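[1] Dropping a prediction and its sequence here:
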Amino acid sequence: MSISRRNFIKRAAYSGIAATAVLSGVNKTAAAFNTTDEYATIIDVTKCDGCHGLDTPRCVSACRKKNQDKFPQPEKPIMDYWPQPKHEDWSDKQNLINRLTPYNWTYVQHLQVEHEGNIHQVHVPRRCLHCDNPPCSSLCPFGVNEKMPEGPVVINPDGCFGGAKCRDVCPWQIPQRQAGIGLYQEVVPKYAGGGVMYKCDLCYDLVQKGQEPACISACPNNAISFGPKKDMQSYAKNWVKDKGGYLYGDLENGGTSTYYLSLIPFNAIHDAIIEQEVDGKPGKPGMPVGVANILDKPAGMARSMLIAPFAGLLAAGLSVYKTMTGVDNDENSEA
């Protein structure tokens, strides 16, 4: 999604119109529009089989197809940026589907989880959880990471400098950086940022049109569901109570808009993720249970207050710059 300057401001204040699917028992059913709703996702790992037999899980394929027009096309050769003699370039690895990259915004982690003396095959879709109070947004020094009224957390690529602060403060290290693209190339290519950060935006453009995210529509097992947050949260808590299961995402990082359901404790799933090796390297970012939000700590709150006015000033300066240079012209960048 390319968010124009006009639309970005409009959406930040937008009260929210989105259609949804709510859970009735264990099935998705259509629901009416409600302009005051915030939305959330349920990921039921007891239903996810990882699309066994397919090279690429359907949710991953749907995400890549939906967002391919947004994938970065860096200018090469890519220069390093101060103060580090390196840069992050995934453009030659666009086909990777077993981790998050600027070209792959969701993946399914296939795990062998030990619990109560038994080994369980568990498949966990991983992507942005769209936190309630996202530190990636509050601590973005460029003011281009926005929590939308409907729930998604969206990065505006047209103003991102790729400083990766969003990734640093994310418990799951979700946003991924691509160098050789973005505003930093026009402003200070050698000294600031390092590209643009990319991640799942929960198909925000589809949500605004009254449609569900692509990954949800593509899932053949109804393992992913989407609906008003209050309904999703209520269903998730009742599911846990009725089945003696476990819930992840309701409290983590101060609360999120993504609820994972499992019959296996998430502590065990987290341990399996950490222990798993991929291509001989340590496991990917885990799912730490009860992980705190950095903004709940005094130091984090102080950093947020210090950064906020700077971000506002910088955003205003970027807006002026883009107006003068014609970047993000409203005529050709409507979502």
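    Alright, I've got the coordinates. Numbering: from 1, shown residues only.

[2] C-alpha from now on. contacts and neighbour counts both.
    Noted.

[3] Now for W239, how many residues are close by?
    As a burial measure, W239 scores 18 neighbours (other Cα atoms under 10 Å).

[4] For the remainder of this discussion, apply numbering that starts at 48.
    With the count now opening at 48, the last piece we talked about shows up as W286.

[5] got a list of what it touches?
    Shown in contact with W286 (Cα atoms under 8 Å, 6 or more residues apart in numbering): G292.

[6] which element is it on?
    W286 is part of helix 276-290 when elements are defined by DSSP states H and E.

[7] Which neighbouring elements make contact with the following helix or strand past that helix?
    Past helix 276-290, further along toward the C-terminus, the next helix or strand under DSSP H and E is strand 293-295. When contacts are defined as 3 or more Cα pairs under 8 Å, 6 or more residues apart in numbering; DSSP states H and E, strand 293-295 sits against helix 276-290, strand 305-309, helix 313-322.

[8] looking at those, which is buried most?
    strand 305-309 (a mean of 24; mean count of other Cα atoms under 10 Å).

[9] returning to what we had before: indicate which one of the helices and strands packed on strand 293-295 is closest to L186.
    Closest approach to L186 among these is made by strand 305-309 (21.0 Å; Cα to Cα).

[10] Provide the contact partners of the closest one at residue level.
    Counting by Cα under 8 Å, 6+ apart, 87-93, 176-178, 279-280, 283, 287, 292-297 sit against strand 305-309.

[11] filter those to the buried ones?
    Buried members of the contacts of strand 305-309, scored by 16 or more other Cα atoms under 10 Å, are 87-93, 176-178, 279-280, 283, 292-297.

[12] Helices along the chain, start to end?
    Applying DSSP state H to the chain gives helices spanning 52-59, 105-114, 182-185, 212-216, 231-234, 251-255, 261-265, 276-290, 313-322, 345-372.

[13] Please save the CA atoms from the second one in PDB.
    Backbone C-alpha positions of helix 105-114 (Å, rounded to 0.1, in the frame of the first residue of the first chain) are rendered in PDB as follows:
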ATOM      1  CA  ARG A 105      -1.300 -20.700   1.500                       C
ATOM      2  CA  CYS A 106      -1.300 -17.800   3.900                       C
ATOM      3  CA  VAL A 107       2.300 -17.000   2.900                       C
ATOM      4  CA  SER A 108       1.500 -17.300  -0.800                       C
ATOM      5  CA  ALA A 109      -1.500 -15.100  -0.400                       C
ATOM      6  CA  CYS A 110       0.500 -12.400   1.500                       C
ATOM      7  CA  ARG A 111       3.200 -12.400  -1.100                       C
ATOM      8  CA  LYS A 112       0.800 -12.100  -4.000                       C
ATOM      9  CA  LYS A 113      -1.200  -9.400  -2.300                       C
ATOM     10  CA  ASN A 114       1.800  -7.300  -1.400                       C
END
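
[14] tell me which residues in that helix are buried?
    Buried-residue list, helix 105-114, by 16+ other Cα under 10 Å: R105, C106, V107, S108, A109, C110, R111, N114.

[15] outside of that helix, which residues touch it?
    Taking Cα under 8 Å, 6+ apart as the rule, helix 105-114 contacts 48, 98, 144, 150-155, 261-263, 265-267.

[16] Turn the helices and strands packed on strand 293-295 into CSV, including mean pLDDT and distance to K237.
    CSV is the format used below for those (pLDDT from 0 to 100; distance: least, Cα to Cα, whole Å):
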stretch, mean pLDDT, distance to K237
helix 276-290, 97, 43
strand 305-309, 98, 38
helix 313-322, 96, 36
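
[17] Which among these is found nearest to E193?
    strand 305-309 (16.9 Å).

[18] quick one on the thing from earlier: quick one: closest of the helices and strands packed on strand 293-295 to G241.
    Nearest to G241, of all those, is helix 313-322, at 28.2 Å by Cα to Cα.
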